[in-house]
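**Q** Starting from these lines, generate the structure:
(chains A and B)
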Amino acid sequence: MRAKTITEEELCTFVADLVAAGTRVTAPVRAAEGKVDYRAITRFEEAAIGAELPRRSLKEFFLPPTEPLFSWRQGKGDVTVKPVSVSFPPHVVLGARPCDAAAVEILDRVMGWDYRDELWFGRREATTIVSVACPGIDGSCFCTATGRGPDSTRGSDLMMTPVDGGYFVEAVTPKGEAFVRTHAARFADVADPGTTVAAEAFRARARSRVAENLTLSLPALRSWLGSSFDHELWRTIALRCHGCGACASVCPTCHCFDIVDEPDGVRAGTRRRNWDTCQTARFTVHASGHNPRTDQNARFRQRVMHKFSIYPDRFGEVLCTGCGRCARACPGGMDLPEVLKTIAALAGADGPREAAV
Amino acid sequence: MNLYQPNLVTISDLIDETPDTRTLKLTFQDPQLAAGFDFKAGQFGEYSVFGAGESTFCIASSPTRKGSIECTFKAVGKATRAMRELGVGDTMGFRGPYGNHFPVDRMEKASVVFVAGGIGLAPVRCVIWNVLDKRDAFDEVTIVYGARSVSDLVYKRELAEWASHADIKLWQTVDPGGETSEWKGEIGFVPAIVEKAAPSAKNAFAVVCGPPVMIKYTLPVLQKLGFADDRVYTTLENRMKCGIGKCGRCNVGPVYVCKDGPVFTAKELAALPPEY
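**A** Numbers count the residues shown, from 1 in each chain, chains lettered A, B, ... in the order given. Just a heads-up that it's a prediction; the model follows:
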């Protein structure tokens, strides 16, 4: 499918059409406290597309912070279980960041290997992700170092790039193409070849801006991690870490969860899946009291290992999109890009040493 | 019904093994599942009490015995304490079977040495019955089982049955001080009794499960007896939630205990970082 363009005015109509058809539309919205979050919108004017990075990623729209797995009711001697639905109404995310869209596709692997998580894929199938190319946010961004970039199309069905008067639009998936066809009246063909050039120039600028923050050799990093479980780096790495899990909460790819029962009275209740994090002490503690990960250094090592060694070994790509949220959110000043830089130096995998973060 | 919704099972029998350990016999309420449920020795499941949550243990009965499954547990956490409160006729949840299994087929025509300590006999018992139910397919069978005290020995009725079989060499032991005046078995720690029993490593496999300290000191004994570390199997426990490779909880380095395990060879275990 050829690239298209869409104006801000047409986007207004587009959102109105979707909402009128009963489609849930989510976009970055500037919240009352001035921060940007992905939230439901009913009019395009509510969206803050291209503003700063939303505080949380898109993860919660596919793996909610808490969700029911089923509910039960106890009768006399028997139990009746009521399943939850695994089909979901149509949903469009408009103005997703490429790092957040990529994360969703990366998580498809763990959610789909061997056992298929119907709740995750039910929401995935119901959702069309329209991303907007990112200009790069700040010094904590390192998406280019994770093998993606501010214009990565991974996980997106459609990719929009800001150009004068609107957006340059490319369909990435068959779902994205079908979406453009369905809403053909909203999109125009690219009239001026300069538009394509301008879009590419925007993206090239963004890529080089982010690449200045950090460059890495991921294979060298992975190879060092694979053989450095006992390295002295891990003995002091997490001295500043409080184990609060803010990093995992804002992370687009952290997907650890807990399963707990929430009673509703004494004879009924709901079993729920809740976000959890490997950064807390209780995460791995056995009922006996034995805890295989005894201190915060070990827990932080697990986080780094899982993202840059274990997940790539198992699923072929790093479990990180370089969004930098963990570094921005940490109350203790733990900075993953800095940690990666240190490891890269140990692994001989670092890029230009003068690179600024 | 999604992946995390358990099948309903009824407690059809219960046996108190020790003052704090109980075995439950569970029958699937769905008749089709009750007739068709199959698993392999060493696989585990997520057992749940509605309102208290899930707990992970191996299936302690043998796959050769159809119609129901058994689990043996100690009431130490929220879910297991709630399980302890249930009685015959009550309903529980079960998801599984999950994980890999002991290579019982590979052990055929060979001798098998079982070494277990305390409640660690539960997963081993599953393999023992699997082997005994096809006794002719195997060569020598040796069982070394120990617990802290006589009252901590689980499956006492089955130990008595195994002791009466001429084609099973059974060594029972209790830790020094754990014996009673009637105790006729050994007194000593499991690794020492394995050394004393000295089973032949010739064309043999070993299946070991028990407290980490027992495993730690048993492995060198088996090695001394000539067991190759890829013919010694054990089963690993780590905290789990999903049991199916998603929740990110049970990994030991690159290994997901729920998917790559719970059964590992001593060789595989030696290659893992010490996070279990």
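**Q** all contacts plus neighbour counts: C-alpha atoms, from now on.
**A** Noted.
**Q** Quick check: which element contains the residue nearest to the spatial centre of chain A?
**A** Centroid-nearest residue in chain A, with CA atoms, centre = their mean: residue A:252, separated by 2.8 Å. Residue A:252 is part of no helix or strand, with elements assigned from DSSP states H and E.
**Q** which ones are touching it?
**A** A:56, A:57, A:58, A:59, A:99, A:100, A:103, A:104, A:320, A:321 (CA atoms under 8 Å, 6 or more residues apart in numbering or on different chains).
**Q** Top of the residues you listed by number of neighbours, please.
**A** Top of those by neighbour number is residue A:99, holding 34 neighbours under the definition other CA atoms under 10 Å in any protein chain shown.
**Q** Now it: closest residue in space that isn't a chain neighbour?
**A** Take residue A:99 and drop its neighbours on the chain: the residue closest to it by CA to CA, 6 or more residues apart in numbering or on different chains is residue A:321, 5.3 Å away.
**Q** Then residue B:148?
**A** Nearest one to residue B:148, counting by CA to CA, 6+ apart, is residue B:175 at 4.9 Å.
**Q** what's the helix or strand that residue B:14 is a member of in contact with?
**A** According to DSSP H and E, residue B:14 maps onto strand B:7-18. Strand B:7-18 has contacts (CA under 8 Å, 6+ apart) with A:79, B:22-30, B:87-95, B:151-156.
**Q** So residue B:75 is in contact with residue B:20, correct?
**A** Yes - the pair formed by residue B:75 and residue B:20 meets the contact definition of CA atoms under 8 Å, at 6.5 Å.
**Q** So for the two, which sits in the more crowded spot?
**A** residue B:75 (16 against 13).
**Q** Skipping adjacent residues, who's closest to that one in space?
**A** Closest residue in space to residue B:75, ignoring its immediate chain neighbours: residue B:81 at 4.6 Å, by CA to CA, 6+ apart.
**Q** part of a helix, is residue B:248?
**A** No - going by DSSP: H, G, I helix; E, B strand; the rest coil, the assignment for residue B:248 is coil, not a helix.
**Q** mind listing what's buried in stretch A:13-31?
**A** For stretch A:13-31, burial by neighbour count (16 or more other CA atoms under 10 Å in any protein chain shown) applies to A:14-16, A:18-19, A:23-30.
**Q** nope, stretch A:250-269 is what I was after
**A** The neighbour-count check on stretch A:250-269 (16+ other CA under 10 Å) flags A:250-263, A:268-269 as buried.
**Q** do stretch A:223-240 as well
**A** The neighbour-count check on stretch A:223-240 (16+ other CA under 10 Å) flags A:224, A:225, A:226, A:229, A:233, A:234, A:237, A:238 as buried.
**Q** Can you name the residues in contact with it?
**A** Residues from elsewhere that reach stretch A:223-240, judged by CA under 8 Å, 6+ apart: A:296-298, A:300-301, A:305, A:308-309, A:332-334, A:347, B:273.
**Q** By neighbours, which of these wins?
**A** Using other CA under 10 Å as the neighbour criterion, residue A:309 leads the contacts of stretch A:223-240 with 27 neighbours.
**Q** Secondary structure of it: a strand, I assume?
**A** No - under three-state DSSP, residue A:309 falls outside any strand and is assigned helix.
**Q** I'd say it and residue A:219 touch.
**A** No - with contact defined as CA under 8 Å, residue A:309 does not count as touching residue A:219 (9.2 Å).
**Q** Let's verify the residue of chain A most remote from its centre: helix, strand, or coil?
**A** What lies farthest from the middle of chain A is residue A:76; by CA atoms, centre = their mean that is 45.3 Å. Here residue A:76 is recorded as coil under three-state DSSP.
**Q** Enumerate every residue touching residue A:44.
**A** Contact analysis of residue A:44 by CA under 8 Å, 6+ apart lists A:11, A:12, A:15, A:16.
**Q** before we move on, what SS does the second one have?
**A** Translated: residue A:12. Here residue A:12 is helix, with the state taken from three-state DSSP.
**Q** now residue A:155: how far from residue A:49?
**A** The gap separating residue A:155 from residue A:49 is 18 Å, by CA to CA, to the nearest Å.
**Q** If you could redo that for residue B:191, that was the one I meant.
**A** Using CA to CA, we find residue B:191 at a distance of 67 Å from residue A:49.
**Q** what does residue A:261 give?
**A** Note on residue A:261: its distance to residue A:49, by CA to CA, is 39 Å.
**Q** What parts of the stretch 151-276 of chain B come near chain A?
**A** Residues of the stretch 151-276 of chain B lying near chain A by CA under 8 Å from any CA of the partner chain: B:238-239, B:241-242, B:244-250, B:253-254, B:273-276.
**Q** Identify those among these that sit within strands.
**A** Using DSSP state E, no member of these sits in strands.
**Q** Just the buried residues of the residues you listed.
**A** B:238-239, B:241-242, B:244-250, B:253-254, B:275-276.
**Q** Stretch B:51-63: how far from the chain's middle?
**A** Here stretch B:51-63 shows a centroid-to-chain-centroid distance of 11 Å under the convention CA atoms, centre = their mean, to the nearest Å.
**Q** before we move on, the earlier item: any idea which of the buried residues of stretch A:250-269 is least confident?
**A** The member of the buried residues of stretch A:250-269 with the lowest pLDDT is residue A:263, at 93.
**Q** hmm, back to that, so what's the residue nearest to the centre of chain A closest to, chain neighbours aside?
**A** residue A:57 (5.0 Å).
**Q** hey, where'd the helices end up in chain B?
**A** B:31-36, B:78-85, B:104-107, B:121-132, B:156-164, B:190-197, B:212-224, B:257-260, B:266-270 (DSSP state H).
**Q** just those: most buried one?
**A** Neighbour counts (mean count of other CA atoms under 10 Å in any protein chain shown) averaged over each of the helices of chain B peak at helix B:121-132, with a mean of 24.
**Q** what about that one, average pLDDT?
**A** Mean pLDDT, computed over helix B:121-132, is 96.
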